[in-house]
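J.: Predicted structure and sequence below. I'll ask about it afterward.
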Amino acid sequence: MIARIESDLKDAMRARDEARVATLRLTLSSLRAAEKDLGRQLKEDEELQVLQRERKRRVESIKAFRDAGRDEQAEREEAELSILEALLPEPLSEDELERIVDDAIAETGATSLRDLGRVMADVMPQVAGRADGSGVSQLVREKLA
């Protein structure tokens, strides 16, 4: 992932695409910081977690800027979000996510909300980088309720 982003960064620099350069630099910086924290290279799922975290920050920033009436900053964040989303794998469809959650509930034998943690522990590695954790948690809660 880091090599791909570095390559994309070089291409963006050659094309003089300032917005893309800035976004890719920030993303690369976040990935390298995570590597430094762990003291080793990131595994693919860990890279996806970093990208998901960056994506979530942009989504929250867009909402905050829109609520504050700062449309120019919100549009800048939306542009960064679209660049980040191009790096992430294709998101899961609702049907695929429901199937994964149903399988996890059946596998763990979950019957109530008390089993939420076990189901989430089974589901999250399968959907890493392809589904939002809060959305997955909401779906699991609905199924267990």
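T.: Here it is on my side, so go on. Numbering: from 1, shown residues only.
J.: okay, Ala86: pLDDT?
T.: pLDDT, Ala86: 88.
J.: For the longest helix seen in the chain, list the C-alpha coordinates in CSV.
T.: Identified as the longest helix of the chain according to DSSP state H is helix 44-67. Written as CSV, here are the backbone C-alpha positions of helix 44-67 (Å, rounded to 0.1, in the frame of the first residue of the first chain):
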residue,chain,number,x,y,z
GLU,A,44,-2.3,-5.1,4.9
ASP,A,45,-5.2,-5.0,7.4
GLU,A,46,-3.3,-2.5,9.6
GLU,A,47,-2.8,-0.3,6.5
LEU,A,48,-6.5,-0.5,5.8
GLN,A,49,-7.3,0.5,9.4
VAL,A,50,-5.1,3.6,9.0
LEU,A,51,-6.8,4.5,5.8
GLN,A,52,-10.3,3.9,7.4
ARG,A,53,-9.3,6.2,10.3
GLU,A,54,-8.2,8.9,7.8
ARG,A,55,-11.5,8.5,5.9
LYS,A,56,-13.5,8.8,9.1
ARG,A,57,-11.6,12.0,10.0
ARG,A,58,-12.5,13.5,6.6
VAL,A,59,-16.2,12.5,7.0
GLU,A,60,-16.4,14.1,10.5
SER,A,61,-14.6,17.2,9.2
ILE,A,62,-17.0,17.6,6.3
LYS,A,63,-19.9,17.5,8.7
ALA,A,64,-18.3,20.0,11.1
PHE,A,65,-17.4,22.4,8.4
ARG,A,66,-20.9,22.2,6.8
ASP,A,67,-22.5,22.8,10.2
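J.: Check which residues of it are buried.
T.: 46-52, 54-55, 57-58, 61-62, 65 (16 or more other C-beta atoms under 10 Å). Backbone N, C-alpha and C define where each C-beta goes, glycine included.
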